[in-house]
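**Student:** With the input below, show me the fold.
(2 chains)
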Amino acid sequence: GAGVSQSPRYKVAKRGQDVALRCDPISGHVSLFWYQQALGQGPEFLTYFQNEAQLDKSGLPSDRFFAERPEGSVSTLKIQRTQQEDSAVYLCASSLGQTNSPLHFGNGTRLTVT
Amino acid sequence: GQQLNQSPQSMFIQEGEDVSMNCTSSSIFNTWLWYKQDPGEGPVLLIALYKAGELTSNGRLTAQFGITRKDSFLNISASIPSDVGIYFCAGQHSNYGGSQGNLIFGKGTKLSVKP
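**Tutor:** Below is the predicted model of the structure:
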């Protein structure tokens, strides 16, 4: 597709369940980012990949959050044992990775933990 | 996590009015960015600023990178109905191989149409 694609668009999980969120970046984009956006807030950085290497995971809120990009393309953000405070929109963004390359965001996955 | 101070939080506009919003930070940024987010969509980049003092326009939008590198403003001239949405400022400290990456966002300014 032409843009960053995220699936599912909506996910409802019971507290304690594991979830997996998928991101398909724009073809050829080497950089991939995950952000978390709580209701009424701006996005907050979670983690960054350059190709398959996870170069920064300083924004992951706990060890229940795990991200991977094994072949340097599609990425999955996994949240184990979900809690209510995990409810948010999870945004994926990709870029060419060149100087001043802009980030292109997907439309996000809205996660609701009940 | 750290967020920028963005104001105003919300504002009502009438078609044709000029709009102004700003962002301040306690720390210095190398890059300032302005995004617009419509409901159910991801943020879309409007303007990027890379040098202190830089003034950049994109159609009816004008943004400036503050001299102190701790603030930025966005102006929208002659607003139209499709300007409605949430505007975010974002700052970047580091540069991942040149890409705009670890961004710190403000809480947003919500633009609505005056009833």
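**Student:** Show me the strands in chain A, by range?
**Tutor:** Taking DSSP state E as the test, the strands found in chain A are A:5-7, A:10-13, A:19-24, A:31-37, A:44-50, A:53-56, A:65-68, A:75-79, A:88-95, A:104-105, A:109-113.
**Student:** hang on, I meant chain B
**Tutor:** B:5-7, B:10-13, B:19-24, B:31-37, B:44-49, B:55-58, B:61-65, B:71-76, B:85-92, B:103-105, B:109-113.
**Student:** Let me see the confidence value for the residue nearest to B:L55 when sequence neighbours are not counted.
**Tutor:** The spatial neighbour of B:L55 that comes closest, neighbours along the chain excluded (Cβ to Cβ, 6 or more residues apart in numbering or on different chains), is B:Q64 at 4.7 Å. Just so you know, the C-beta spots here come from the backbone N, C-alpha and C atoms, and that holds for glycine as well. Listed pLDDT for B:Q64 reads 97.
**Student:** With adjacent residues omitted, what lies nearest to B:N102?
**Tutor:** Nearest one to B:N102, counting by Cβ to Cβ, 6+ apart, is A:F45 at 5.0 Å.
**Student:** Could you check the pLDDT of that neighbour?
**Tutor:** Looking at A:F45, its pLDDT reads 93.
**Student:** now the one 3 residues further on
**Tutor:** With respect to pLDDT, A:Y48 scores 93.
**Student:** For the one residue sitting closest to the centre of chain A, give the beta-bridge partners.
**Tutor:** The residue lying closest to the centre of chain A (Cα atoms, centre = their mean) is A:W34, at 3.4 Å. Listed beta-bridge partners, A:W34: A:T47, A:C92 (assigned using DSSP bridges).
**Student:** show me the contacts for it.
**Tutor:** By Cβ atoms under 8 Å, 6 or more residues apart in numbering or on different chains, the contact list for A:W34 reads A:23, A:46-48, A:67, A:75, A:77, A:90-93.
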